[in-house]
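Undergrad: Test case, fold it:
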Amino acid sequence: MEINELTPAEQRVWRAFATGAEVDFRAEAGDWGPQRTVRARVLRTLLLNGPHEPGEIAALKIRGALVTGSLELRYAAVDSVIHLTHCRFEAAPDFVGAHLRYLSLRDSEMPGLSVTRARIDGSLRLTRCRFGGPVRLDGAQIAGALFLEGVEVDVAAPTHPVLQLNQITVDDDLCARGLRAHGLIRLDGAGVAGSLDLEDAELSNPGAQVLDAEAVEIGANLLGRRLRAQGRIDLRGARIPGRVDLLDAHLSNPGGTALRASSCVIGEFWLRRGPQVEGLLNLRRSEINQLDVEPEMLPDQVRLLDLTYTFLTPHEPAERRLPMLERDGEGFDPHAYEQLTAAYRRIGDDQAARLVQLAKQRRRRSTLPWYGRVWGHLQDAAVGYGFRPLRAAVWLLSLLAVGSVAYAGHHPPALKAAEAPDFDPVFYTLDLLLPVISFGQEAAFAPTGWYQTLSYVLIVTGWILATTVVAGVTRTVSRQ
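TA: So this is what the prediction gives:
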């Protein structure tokens with residue numbers, strides 16, 4: 001291509017390329033007229049075979065141009081940096097499989113973008129770009145950072161993901177703060193060496209999947225403060241050694257799963273200060289070092305099967321944490337109660353730990369056959385499954401008082417008057433209540449009528465109390 005074949009605007013770009021100078025068309029009069037129009041094939045020629053001057057670094061730096069035609073650099077190797085900012089593209093740029101040094105398209109408007117399987121030695125900057133069609137970055141390898149702050153992707157009734165980042169590799173941060181996307185974002189299998197920043201992002205795909213980030217590996221943090229997501233977020237199998245920060249986030253997918261973070265390994269998981277999650281929260285089989293969750297944010301349905309965590313913050317009474325376990329629709333899960341118990345014991349709150357264990361036994365009781373439930377109710381009423389041992393003393397004292405008063409007013413006849421000891425209503429009642437200890441009263445006297453019935457009641461009640469106390473003590477010792 002000869003320079004005399006170029007328009008005045010293209011001649012400015014051609015001359016500036018050799019020295020890496022910037023051409024700014026934004027000050028030109030008119031609105032995207034010929035004075036600021038550049039053909040895509042001219043840019044392609046410059047990037048592949050453009051002029052060079054000794055001692056200068058060639059670069060394509062343009063602001064505010066209208067790029068006509070398709071900028072197609074499939075599998076090309078481009079040594080020059082590319083800055084096409086504040087531009088408008090008639091067709092979606094195509095960098096599939098290309099090897100680039102640096103690419104910046106910030107503040108530009110285009111119908112789509114393809115950077116699939118491209119390799120970029122520096123960063124890729126798409127800050128505040130507006131896309132009218134799908135953006136494909138799947139399989140790209142970016143040695144620097146990926147900037148998607150303030151990006152808007154608005155595709156009417158998409159049948160495919162609007163933003164494809166699956167299998168992407170980013171050796172620095174992936175910054176998507178303030179991202180606006182209407183449709184599915186695919187991030188599964190991605191690797192980000194730094195942090196993934198989705199703070200203040202607005203993601204919308206109601207009733208369907210909005211963020212597919214299965215098996216993503218993030219070197220630092222997943223930041224989602226003030227994130228607003230309508231649709232399902234899927235983090236299954238993610239590895240995030242730092243924190244998942246969802247402070248002030250609004251997650252909504254009524255009738256479905258709002259957040260699936262199952263089988264994950266996470267350093268810290270923060271879910272606080274926002275409205276209640278609308279939809280199901282799934283944390284099954286995940287390993288979390290610190291689970292920082294406010295009870296008010298938990299939805300009506302949670303899945304906690306085999307979830308393990310070391311610390312649970314902020315510190316809340318057991319009465320506020322237990323509903324979290326009772327909302328698990330998969331039935332009774334003893335592991336969940338043991339995890340909560342262990343979390344309270346680590347901070348020395350033994351009273352809360354006992355309440356959780358008591359709630360565990362009551363929840364387990366509902367899964368037993370009728371005779372098991374009856375026996376469970378007796379243990380609960382008698383000694384609170386061993387976690388309220390003072391209750392047994394109250395029962396014993398009450399029954400002792402009843403029996404002592406009854407037998408003090410009516411001494412039962414002695415079996416052998418000559419050999420019988422003096423009758424003592426208190427010790428006679430104790431002989432009936434305590435199945436192991438004997439004071440010689442029960443064997444010496446034989447009540448009749450109603451008093452005999454009372455003696456049977458005291459004997460049976462004493463055995464029940466003794467059995468429940470032993471069961472409770474055994475359970476406590478085995479836990480320790």
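Undergrad: Could you list the low-confidence segments of the stretch 301-450 of the chain?
TA: Counting by pLDDT under 70, the stretch 301-450 of the chain has low-confidence residues at 329-330, 375-392.
Undergrad: So Arg364: helix, strand or coil?
TA: The three-state label given to Arg364 by DSSP: H, G, I helix; E, B strand; the rest coil is helix.
Undergrad: could you say which helix or strand contains the nearest residue in space to it that is not next to it in sequence?
TA: Nearest residue to Arg364 in three dimensions, chain neighbours excluded: Phe332, at 5.8 Å (Cβ to Cβ, 6 or more residues apart in numbering). All C-beta spots, glycine's among them, are computed from the backbone N, C-alpha and C. No secondary structure element spans Phe332, as it lies outside all helices and strands (assigned by DSSP states H and E).
Undergrad: give me the number of residues near Phe332?
TA: Counted with other Cβ atoms under 10 Å, the burial measure for Phe332 works out to 15 neighbours.
Undergrad: wait, it sits on Arg365?
TA: No: with contacts counted by Cβ atoms under 8 Å, Phe332 stays clear of Arg365, the gap being 9.4 Å.
Undergrad: For this structure, list the residue farthest from the centre, please.
TA: Relative to the average C-alpha location in the chain, and by Cα atoms, centre = their mean, no residue lies farther out than Ala418, which sits at 79.1 Å.
Undergrad: Could you measure from that residue over to Gly440?
TA: 15 Å (Cβ to Cβ, to the nearest Å).
Undergrad: Over to Ala18?
TA: In this structure, Ala18 lies at 117 Å from Gly440, with Cβ to Cβ as the measure.
Undergrad: what does Ala353 give?
TA: Using Cβ to Cβ, we find Ala353 at a distance of 43 Å from Gly440.
Undergrad: Quickly note the distance from the residue nearest to Arg364 to Arg363.
TA: When distance is defined by Cβ to Cβ, Phe332 is 5 Å away from Arg363.
Undergrad: same check, this time on Leu432
TA: According to Cβ to Cβ, Leu432 stands 35 Å off from Arg363.
Undergrad: can you check Ala261 too?
TA: Noted for Ala261: a distance of 24 Å to Arg363, by Cβ to Cβ.
Undergrad: How about Gly237?
TA: Shown here: Gly237 relative to Arg363, a distance of 30 Å by Cβ to Cβ.
Undergrad: that older thread, pretty sure the residue farthest from the centre of the chain is in a helix, no?
TA: No: secondary structure assignment places Ala418 outside any helix; it is coil (three-state DSSP).
Undergrad: Which residues are in contact with it?
TA: When the contact criterion is Cβ atoms under 8 Å, 6 or more residues apart in numbering, Ala418 has no partners at all.
Undergrad: can I assume Leu165 is in contact with Gly139?
TA: No: judged on Cβ under 8 Å, Leu165 makes no contact with Gly139 at a distance of 9.5 Å.
Undergrad: Looking at the two, which one has more neighbours?
TA: Set side by side, Leu165 and Gly139 give different neighbour counts by other Cβ under 10 Å, the larger being at Leu165 (29 against 20).
Undergrad: show me what contacts Gly122?
TA: In this structure, Gly122 makes contact with 81, 101-103, 143-144, judged by Cβ under 8 Å, 6+ apart.
Undergrad: What count of nearby residues applies to the closest residue to it other than its chain neighbours?
TA: Nearest-residue entry for Gly122: Tyr102, 3.7 Å, with adjacent residues in sequence omitted and distances by Cβ to Cβ, 6+ apart. Applying other Cβ under 10 Å, we find 18 residues neighbouring Tyr102.
Undergrad: how much space between Tyr102 and Leu84?
TA: Counting by Cβ to Cβ, the gap from Tyr102 to Leu84 is 12 Å.
Undergrad: Contacts only, for the spatially most central residue of the chain.
TA: With distances taken as Cα atoms, centre = their mean, the chain has Ala261 as the residue nearest its mean C-alpha position (4.8 Å). Taking Cβ under 8 Å, 6+ apart as the contact definition, Ala261 lies against 235-236, 238, 244, 269, 282-283, 286.
Undergrad: Which pLDDT value belongs to Leu46?
TA: The predicted local confidence for Leu46 comes out at a pLDDT of 93.
Undergrad: Surely it touches Ile62?
TA: No: taking Cβ under 8 Å as the definition, Leu46 is not a contact partner of Ile62, at 10.2 Å.
Undergrad: list residues touching both of the two?
TA: Shared between the contact lists of Leu46 and Ile62 (criterion: Cβ under 8 Å, 6+ apart) are residues Val13.
Undergrad: Report how many residues lie close to His83.
TA: Other residues within reach of His83, judged by other Cβ under 10 Å, total 19.
Undergrad: Kindly report the same for the one 10 residues further on.
TA: For Pro93, the neighbour count with other Cβ under 10 Å is 24.
Undergrad: Can you dump the C-alpha atoms of stretch 251-264 in CSV for me?
TA: Taking Å, rounded to 0.1, in the frame of the first residue of the first chain, the C-alpha atoms of stretch 251-264 are listed here in CSV:
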residue,chain,number,x,y,z
LEU,A,251,-27.4,-12.2,45.1
SER,A,252,-30.7,-13.1,43.6
ASN,A,253,-32.1,-16.2,41.8
PRO,A,254,-35.5,-16.9,43.3
GLY,A,255,-36.6,-20.5,42.9
GLY,A,256,-33.1,-21.7,42.0
THR,A,257,-29.5,-21.6,43.3
ALA,A,258,-28.2,-18.2,43.9
LEU,A,259,-24.6,-19.2,44.8
ARG,A,260,-23.0,-22.6,44.4
ALA,A,261,-19.6,-22.8,46.0
SER,A,262,-19.4,-26.6,46.6
SER,A,263,-16.2,-28.6,46.6
CYS,A,264,-14.2,-25.4,46.9
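Undergrad: How about it, which residues are buried there?
TA: When burial is assessed from 16 or more other Cβ atoms under 10 Å, stretch 251-264 yields the following buried residues: 251-253, 256-264.
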